[in-house]
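In: Quick one, structure for this:
(4 chains)
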There are 2 protein chains.
Amino acid sequence: MEPKEFRYLKQCFPSLEQMLYNEILEHGNYLSFDSGAYVVKQGAYIDFLPIILKGVIKLYAEEDGVEFLLYYVQSGDSCILSFNHLFDRKPLQFSAVTEEDTCVLCLPLAKVKEWFIKYPSFSRIIIKDFQRNFEDLLQTAKEFVCLGIEDRLIKYLLHKSRLRNSADIHLSHQTIATDLGTSREVISRITKKLEKDGFLLQHRRHIELVEL
Amino acid sequence: MEPKEFRYLKQCFPSLEQMLYNEILEHGNYLSFDSGAYVVKQGAYIDFLPIILKGVIKLYAEEDGVEFLLYYVQSGDSCILSFNHLFDRKPLQFSAVTEEDTCVLCLPLAKVKEWFIKYPSFSRIIIKDFQRNFEDLLQTAKEFVCLGIEDRLIKYLLHKSRLRNSADIHLSHQTIATDLGTSREVISRITKKLEKDGFLLQHRRHIELVEL
DNA sequence: AGTTTTTGGTGACGTTTATCACCGTTTTCA
DNA sequence: TGAAAACGGTGATAAACGTCACCAAAAACT
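Out: Have a look, this model is predicted:
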């Protein structure tokens, strides 16, 4: 493992048992992804637990040919990418795509099960992360039901802005449409309206949120 | 504890350590609910882990005045009602209503945390159940996005039918509408159409699915 | 028995959203 | 440099859905 990766590990999990660090060093596998890369694809079977050490990924679901964003997973707070394959061998029910350059630690499932019992700090992390994933998904589900596309777009833009800590969002209308599970024309019309409302400014492949 | 409740416990968790059974006997609290009762309400803080020993409950979310069904939790496969309050003190993000007479075992959170580390069989159950809850929620979210109301209604009716193992569903249009987060008129129109299509027969407060 | 509530049916209407068609501009790439 | 692809804009149209208004039958209640 690179020293850089060890630093990320320490940052993400500052208080693991020393023995667990050693085990992770021994059995963990590190992968680096450029922005926009698929980390895992819906339908695949994987035999490791992916943990985001640095970067951001978005989880996508696909159903009936429609793709849509579920929620984000990032290093720090909620960093574990998938659980549903943890104790049962099942195909993943979503895909994961990096939002920026991302460093992923992969732990073999057999070891994860072992450590889960052996190291309380480890099981605590998994459970806490699981909770956060569940909450994020629930929030998304609520928004699917209760919000129209305009409001969902606004939330999406604000989220992107917060994520990068910048008012400038470099995305095409098509990309946004895919994330929200709708079509480009719809996004074009709404951004146009939001521009007229003074909420944002449009440039080519670039939306600038206006400070309020 | 009643002998009946102990039987339910054994049925739900046939292979716990004997010591854990004893601890549950000592610290568990049993509640019985009639059909239609609220077990917990969204926004409440609870300091126990509710486990369905017998019966079925449905989880509801409420947002912007709209109520809608998330998924079912029942004794056996996925019986743990909530997780998001397990290690963090937060308000519940959904409500739980019984679908039939239901027996719930409540475990104090402090003990749950303790047992989670002490008994691998216990943590395994929690994790597995957590997984199932997540999967059910994800499935529901996908359906919110990809299916129209007609298809969601059909799935809903088939699910109800399977749940009770009967083609007769005793519900009013209003109840169904609330579950699906829509209005009664919409349900009335669709059931009418489905009746014409030969998918079901309508009676008062009672829908009969036609065998295909 | 008479009133109220619940249930279900239906027409009319407006909003939201998806889709199609077409256009001009910019970017990419061979 | 010239063709192809990506990007964004816009009008027309239709389907899906929520809402309002109103009605009649059945059930519950006093």
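In: So what sits opposite the closest residue to residue A:54 other than its chain neighbours in the bridge?
Out: Leaving aside its chain neighbours, residue A:54 sits nearest to residue A:103 (4.3 Å; criterion: C-beta to C-beta, 6 or more residues apart in numbering or on different chains). From N, CA and C alone the C-beta is placed, and that goes for glycine too. Bridge pairing for residue A:103 (DSSP bridges) gives the partners residue A:32, residue A:54.
In: and residue A:46, helix, strand or coil?
Out: coil (DSSP: H, G, I helix; E, B strand; the rest coil).
In: and it, how many neighbours?
Out: 17 (other C-beta atoms under 10 Å in any protein chain shown).
In: give me phi/psi at it?
Out: Backbone dihedrals for residue A:46, given as degrees, to the nearest 10, come out at phi -130, psi 150.
In: repeat for the one 5 residues further on
Out: Backbone geometry at residue A:51, expressed as degrees, to the nearest 10, gives phi -130, psi 130.
In: quick one, what contacts it?
Out: Neighbour list for residue A:51: A:12, A:79-81, A:104-107 [criterion: C-beta atoms under 8 Å, 6 or more residues apart in numbering or on different chains].
In: how close does the residue nearest to residue A:54 sit to DNA strand C?
Out: 26 Å (C-beta to the nearest atom of the strand, to the nearest Å).
In: Check residue A:185 too.
Out: Taken as C-beta to the nearest atom of the strand, the span from residue A:185 to DNA strand C is 4 Å.
In: And the helices in chain A?
Out: A:3-12, A:18-27, A:109-118, A:120-146, A:149-164, A:173-180, A:184-196 (DSSP state H).
In: Can you tell me which of the ones you listed is nearest to residue A:70?
Out: The minimum distance between residue A:70 and those falls on helix A:120-146, with 5.7 Å, by C-beta to C-beta.
In: Per-residue pLDDT of the residue nearest to residue A:54, please?
Out: On pLDDT, residue A:103 comes in at 94.
In: Residue A:1 too?
Out: At residue A:1, pLDDT is 63.
In: What parts of chain A come near chain B?
Out: Residues of chain A lying close to chain B by C-beta under 8 Å from any C-beta of the partner chain are A:61, A:63-64, A:66, A:68, A:70, A:83-84, A:86-88, A:93-94, A:116-117, A:120, A:123-124, A:126-128, A:130-131, A:133-135, A:137-138, A:140-142, A:144-146, A:181.
In: Give the PyMOL command for selecting the buried subset of those residues.
Out: The buried residues among the residues of chain A next to chain B can be selected in PyMOL (16 or more other C-beta atoms under 10 Å in any protein chain shown) with this line:
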select buried, chain A and resi 61+63+68+70+83+84+86+87+93+94+116+123+126+127+128+130+131+133+134+135+137+138+140+141+142+144+145+146+181
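In: which regions of chain A lie under the pLDDT threshold?
Out: A:1, A:212 (pLDDT under 70).
In: the domain parsing of it - what is it?
Out: A:3-145, A:147-209 (automatic domain parsing).
In: what about the longest one, distance to the chain center?
Out: In terms of C-alpha atoms, centre = their mean, to the nearest Å, the centre of domain A:3-145 is set 9 Å apart from its chain centre.
In: among the helices of chain A, which is nearest residue B:48?
Out: Of the helices of chain A, nearest to residue B:48 by C-beta to C-beta is helix A:120-146, at 16.4 Å.
In: Counting by contacts, list what that closest one packs against.
Out: Contact partners of helix A:120-146 among helices and strands, from 3 or more C-beta pairs under 8 Å, 6 or more residues apart in numbering or on different chains; DSSP states H and E: strand A:66-74, helix A:109-118, helix A:149-164, strand B:56-63, strand B:66-74, helix B:109-118, helix B:120-146.
In: just to revisit the earlier point, most packed of the domains of chain A?
Out: With neighbours defined as mean count of other C-beta atoms under 10 Å in any protein chain shown, the domains of chain A peak in mean count at domain A:3-145, which reaches a mean of 17.
In: what about it, how long is it end to end?
Out: 45 Å (C-alpha to C-alpha, to the nearest Å).
In: same thing with stretch A:168-185?
Out: Stretch A:168-185: ends 21 Å apart by C-alpha to C-alpha.
In: which residues does the closest residue to residue A:173 other than its chain neighbours contact?
Out: Distance criterion C-beta to C-beta, 6+ apart; nearest residue to residue A:173, sequence neighbours excluded, is residue A:187 at 4.5 Å. With contact set as C-beta under 8 Å, 6+ apart, residue A:187 has these partners: A:153, A:173-174, A:176-177, A:180.
In: ok now do the residue nearest to residue A:54, which residues does it touch?
Out: Taking C-beta under 8 Å, 6+ apart, one finds A:5, A:8, A:30-33, A:52-55, A:75 in contact with residue A:103.
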